[in-house]
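Enquirer: Requesting a structural model of the entry that follows:
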Amino acid sequence: MIIKNFTKDLLTPVAKLCRQSMELDIMPDFLLEEKIFHEPDYNPELTLVAFSENNSEPVGFIQAVVKARKDESIGYVKLFCVAPDYRRKGIGKKLYEAVEEKIKAQKIKLIRVYESYPNYFMPGVDPFYTEAISFFERMGFKKFSDTSNLICDLVTQDFDTANDEKELSEKNIICKRADESDKEKISQWLKINFEAWIPEVAEAYKNNPISLHIALDGDEMLGFSAHEVNNRGTGWFGPMGTSAAARGKGIGSILLKRCLNDMKEIGHNKAIIPWVGPIPFYMNYVNAKMQRIFWRYEKNME
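Expert: Numbering: from 1, shown residues only. This is a model prediction of the structure:
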């Protein structure tokens, strides 16, 4: 087996490998490009491709990153796959151990699997990938939580919010698409309320039109929702959030529907609502249903 650092000329064959290895997921070339080259913490030393000695096509791939979090830096296995015909030959183990060694050299104490927000592919390991579950547990990872993605049908639903917005306007609350003049106000509010989502909200400003909707009481920020900021082109909604004091006023449902209407107009038939917390909220307002479950894994290296 030969292991090489990922290079841009390998983008198409590695994307093909991902598609062949992850039957429950999609990985068009443009999405792999986003995951690798739009990753602010991309490190070519932690992005490795395996080849068998008799095969010019890649048979294994791993991307790992190290991210500075609030209290500590954490390592993440962001993407990982081995071609079905080459499994149980030690390829995955060698790829993983190669990046773990480099991560440990940075004095990192914790590694997690897949949930490398803000630019992440999945929020955990789908347990239907039985071989992946088995592999990470053999490598010493422990399950510590789970989460889920919901899916929302956009074709059969009407996301008109005019009447609800009229009621809010009588209380001096308006909902609108964010513009450049709102940027600083949103940033300051996020620092206080939802600091982890600052990078994803910044991505919304790169879209045309800006894929961010906000609620305001006069000049005061109350809430936001965004879409097309991660896994672009695949119909992902989020993130969204409302100030604690502003909850229960119907603001969240309006902001949600504004984004889903955008996505419908773009041409998406379905919206993926990832890494969900309040499942009843999404089911109640937009009939979102469970799509996938993910198990969250971590390895303590102390």
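
Enquirer: what are the ranges of the helices in the chain?
Expert: Ranges of helices in the chain, per DSSP state H, are 11-21, 29-37, 91-104, 130-138, 162-169, 183-193, 198-204, 251-266, 279-286.

Enquirer: a markdown table for the ones you listed, including distance to Phe51 and mean neighbour count?
Expert: Backbone N, C-alpha and C define where each C-beta goes, glycine included. Listed next are these as a markdown table, based on distance: least, C-beta to C-beta, whole Å; neighbours: other C-beta atoms under 10 Å:
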| stretch | distance to Phe51 | mean neighbour count |
| --- | --- | --- |
| helix 11-21 | 10 | 19 |
| helix 29-37 | 17 | 17 |
| helix 91-104 | 10 | 18 |
| helix 130-138 | 20 | 16 |
| helix 162-169 | 56 | 12 |
| helix 183-193 | 43 | 14 |
| helix 198-204 | 34 | 19 |
| helix 251-266 | 38 | 21 |
| helix 279-286 | 43 | 16 |
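
Enquirer: okay, now the domains of the chain?
Expert: Domain assignment for the chain, taken from automatic domain parsing, gives 2-145+295-300, 155-268.

Enquirer: what about the shortest one, average pLDDT?
Expert: In this model, domain 155-268 carries a mean pLDDT of 96.

Enquirer: try stretch 15-33
Expert: In this model, stretch 15-33 has a mean pLDDT of 97.

Enquirer: what does that stretch rub up against?
Expert: 11-12, 14, 57-61, 79, 81-84, 121-122, 126, 128-129, 231-234, 292 (C-beta atoms under 8 Å, 6 or more residues apart in numbering).

Enquirer: Type out the ChimeraX command that picks the buried ones from the residues you listed.
Expert: Buried subset of those, written as a ChimeraX selection, criterion 16 or more other C-beta atoms under 10 Å:
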select :11,14,58,59,60,61,79,81,82,83,121,122,126,129,231,232,234,292
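
Enquirer: Strands along the stretch 201-302 of the chain, start to end?
Expert: 212-217, 220-227, 237-242, 270-273, 289-300 (DSSP state E, counting those that start in this stretch).

Enquirer: Figure out which of those is closest to Asp164.
Expert: In this view, the strands of the stretch 201-302 of the chain are compared for proximity to Asp164 by C-beta to C-beta, and strand 212-217 is the closest at 11.4 Å.

Enquirer: And that closest one, what does it pack against?
Expert: strand 173-177, strand 220-227, helix 251-266 (3 or more C-beta pairs under 8 Å, 6 or more residues apart in numbering; DSSP states H and E).

Enquirer: of the domains of the chain, which approaches Asn287 most closely?
Expert: domain 155-268 (6.8 Å).

Enquirer: The closest one spans what distance, first to last residue?
Expert: For domain 155-268, the first-to-last residue distance is 8 Å (C-alpha to C-alpha, to the nearest Å).

Enquirer: again, but for stretch 155-168
Expert: In stretch 155-168, first residue to last residue: 27 Å (C-alpha to C-alpha).

Enquirer: how distant is that stretch from the center of its chain?
Expert: 27 Å (C-alpha atoms, centre = their mean, to the nearest Å).

Enquirer: How about stretch 203-221?
Expert: For stretch 203-221, the distance to the chain centre is 20 Å (C-alpha atoms, centre = their mean).
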